[in-house]
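# sequence plus predicted model, see below.
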Amino acid sequence: MSTKVADHVLQRLREWGVEHVFGYPGDGINGLLAAWGRAENEPRFIQSRHEEMSAFQAVGYAKFSGRIGVCAATSGPGAIHLLNGLYDAKLDHVPVLAIVGQTHRSAMGGSYQQEVDLHTLFKDVASDFVETVTVPEQLPNVLDRAIRTAYARRAPTAIIIPGDVQELDYSPPTHEFKMVPSSLDRGSWTAVPSDDSVHRAAEILNAGDKVAILVGQGASGARAEVERIAELLGAGVAKALLGKDVLSDELPYVTGSIGLLGTRPSYELMRDCDTLLTIGSSFPYTQFLPSFGKARGVQIDIDPHMVGMRYPYEVNLVGDAKATLERLIPLIKSEERGREWYDTVCDNVTYWREIMERRAGLSADPINPEYVTRALDPLLPDNAIVSSDSGSAANWYARHLTMRPGMRASLSGTLATMGCGVPYAIGAKFAHPNRPAIALVGDGAMQMNGLAELITAAKYQDLWEDPRLVVAVFNNHDLNQVTWEMRAMEGAPSFLPSQELPDVQYAAFARSLGLTGIRVDKPEDVEAAWRAGLEANGPAVIEFVTDPAVPPIPPHATWDQLEATAASILKGDADRGSMVRQGFKAKMQEFLPGREKRRD
């Protein structure tokens, strides 16, 4: 039997080391599906409940494996469904390849069923590379370039293969005019900045007395080097959310997350420093960085298009974080640097941890969501992979989970889309089938698509060496993050028709699929529930009934801001009394005895 174009697509993916393709079937890729049957499901086709989930699973797989994530969908509606996950990859700089079908070439331009202008559709999200294969000889070059570009640009790419082209006999490009041959080897490379720019950066860092370091996911391959330069500079290190697992939170100078979901010591670090070193981060919120003119800045980033646009850095070092730091570290002088700044940073971190422990211990009705995450923290396995969905759960993920060496964690950092938590965890399980995965998900995201993806987890659990996938649902009957944003930013009370969620029996649904399902509505049962979920022999859903009145207080919140929020609540919020009470209790933890000098 002759080799079809679709057969060669799968063969080429195997040659690139692709082991999984996350997708959903449709007649626009029938040729590919037939080829999968002939290839005995290699690479393995992972069927989601929705194409958007396929794209999210590919993103999660890529984030946690370091390899390209591949997703596949039919023409028209399937391709459209991929967009949100692909935009998540684009904004978080993750290599993902989308393979989509199209109507037959003979019907294109005829307003045929499911015909969509896919080039226009993918023009932005796959702007680094999107191409249609119209003849077999195109295939190797198009597919290889899509994969190379995804890796090199850390971006989503797309190839479009019309249904009739999938079924053509494959013939490789020949040694003729207007043929484009291709080869597999990608090679390895390391970008490094010039010696002059490295020396200028060292001069700035050596001149600083109060150095702050901000790390993002771009520093993930340079853990030892980041630790070393922080120690030499006597610096505190704050982490963008995508860099949460870059450094261990057990280090005394690591201040934790930065931004609205960040910590007080990270806010203090940026407020009081005189020098800023940013490594592998495009953290966008300028108001959480040092005031302009107050601190000198140096940036390290591998992407020349992403440097110099968040802060007025004096030196932008374009290069790989590890290789650049290896050149920078020998130039750092630490002998004459005092310890006062370092000690202050460490004291701030210690005090913040005390505050968060007290906040988690506050009573709520029925369960404090901060306590739910705090109780998980010491129980996390050393090799755990944690995903968080967007929403108020991300606040507790950012502030209460202590990353230790070997742990991995991520969320939708830049797009901040709902619905990624569960599919990220499923993607992680295929990337690392021998490691436990934990997803922290709000009830809104769970209703949006998490419930359906439990079916996917149930379907594939037997493929995972360690079958544990724990989904924690924060069930507060409220789209809580937006509710609090309305109160704090708009001065408006909660609009129940848009914010109130129906009460769904998440644990019972899990049990209906043969999974472990646990519902918790008492604080004294929280720890035991976590232990049961982490000891389950398969996927588990733990449904925590939490209090929507517990406020995700920003790290820079003042009494005036809290009073403004309280005033908006008192305009007529349905739950105004409990929210004022919980907000007051939470803020008061910063003013209880714990250190000699309180810093506003």
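That came through fine.
# going by C-alpha atoms from here, please, whenever you check contacts or count neighbours.
Fine.
# neighbours of residue 30, how many?
Residue 30: 18 surrounding residues under other CA atoms under 10 Å.
# my guess is it contacts residue 163. True?
Yes - assessed by CA atoms under 8 Å, residue 30 is found in contact with residue 163 at 7.2 Å.
# in the stretch 1-150 of the chain, what residue spans correspond to strands?
Along the stretch 1-150 of the chain, counting by DSSP state E, counting those that start in this stretch, strands occupy 20-23, 44-47, 69-73, 96-102, 130-132.
# kindly present the ones you listed as JSON lines, with separate columns for mean pLDDT, mean neighbour count and distance to residue 536.
Putting the strands of the stretch 1-150 of the chain into JSON lines (pLDDT from 0 to 100; neighbours: other CA atoms under 10 Å; distance: least, CA to CA, whole Å) gives the following:
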{"stretch": "strand 20-23", "mean pLDDT": "98", "mean neighbour count": "26", "distance to residue 536": "26"}
{"stretch": "strand 44-47", "mean pLDDT": "98", "mean neighbour count": "18", "distance to residue 536": "23"}
{"stretch": "strand 69-73", "mean pLDDT": "98", "mean neighbour count": "30", "distance to residue 536": "28"}
{"stretch": "strand 96-102", "mean pLDDT": "97", "mean neighbour count": "29", "distance to residue 536": "32"}
{"stretch": "strand 130-132", "mean pLDDT": "98", "mean neighbour count": "20", "distance to residue 536": "43"}
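# now tabulate the ones you listed in JSON lines and tack on distance to residue 471.
JSON lines is the format used below for the strands of the stretch 1-150 of the chain (distance: least, CA to CA, whole Å):
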{"stretch": "strand 20-23", "distance to residue 471": "20"}
{"stretch": "strand 44-47", "distance to residue 471": "19"}
{"stretch": "strand 69-73", "distance to residue 471": "22"}
{"stretch": "strand 96-102", "distance to residue 471": "25"}
{"stretch": "strand 130-132", "distance to residue 471": "35"}
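# to residue 214, which of these lies closest?
Closest approach to residue 214 among those is made by strand 96-102 (26.4 Å; CA to CA).
# quickly run through the sheet partners of that closest one, with directions.
Note on strand 96-102: by DSSP bridges, its sheet partners are strand 69-73 (parallel), strand 156-162 (parallel).
# can you put those strands in CSV and add distance to residue 418?
Compiled in CSV, the strands paired with strand 96-102 are given as follows (distance: least, CA to CA, whole Å):
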stretch, distance to residue 418
strand 69-73, 19
strand 156-162, 19
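# residue 387 contacts residue 410, correct?
Yes - at 5.2 Å, residue 387 and residue 410 qualify as touching, with contact defined as CA under 8 Å.
# who's more crowded, these two?
Ranked by neighbour count (other CA under 10 Å), residue 387 and residue 410 place residue 387 first, with 28 against 24.
# am I right that that one is in a helix?
No - the assignment for residue 387, made by DSSP: H, G, I helix; E, B strand; the rest coil, is strand rather than a helix.
# what comes up buried for the host helix or strand of residue 527?
Here residue 527 is covered by helix 526-535, with elements defined by DSSP states H and E. Under the neighbour-count criterion of 16 or more other CA atoms under 10 Å, helix 526-535 has 526, 527, 529, 530, 532, 533, 534 buried.
# residues contacting residue 315?
The contact partners of residue 315, taken as CA atoms under 8 Å, 6 or more residues apart in numbering, are 197, 200, 201, 297, 298, 299.
# turn those into TSV, columns for secondary structure, distance to residue 62 and neighbour count.
Formatted as TSV, the contacts of residue 315 follow (DSSP: H, G, I helix; E, B strand; the rest coil; distance: CA to CA, whole Å; neighbours: other CA atoms under 10 Å):
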residue	secondary structure	distance to residue 62	neighbour count
197	helix	32	15
200	helix	35	16
201	helix	32	23
297	strand	31	26
298	strand	29	24
299	strand	25	25
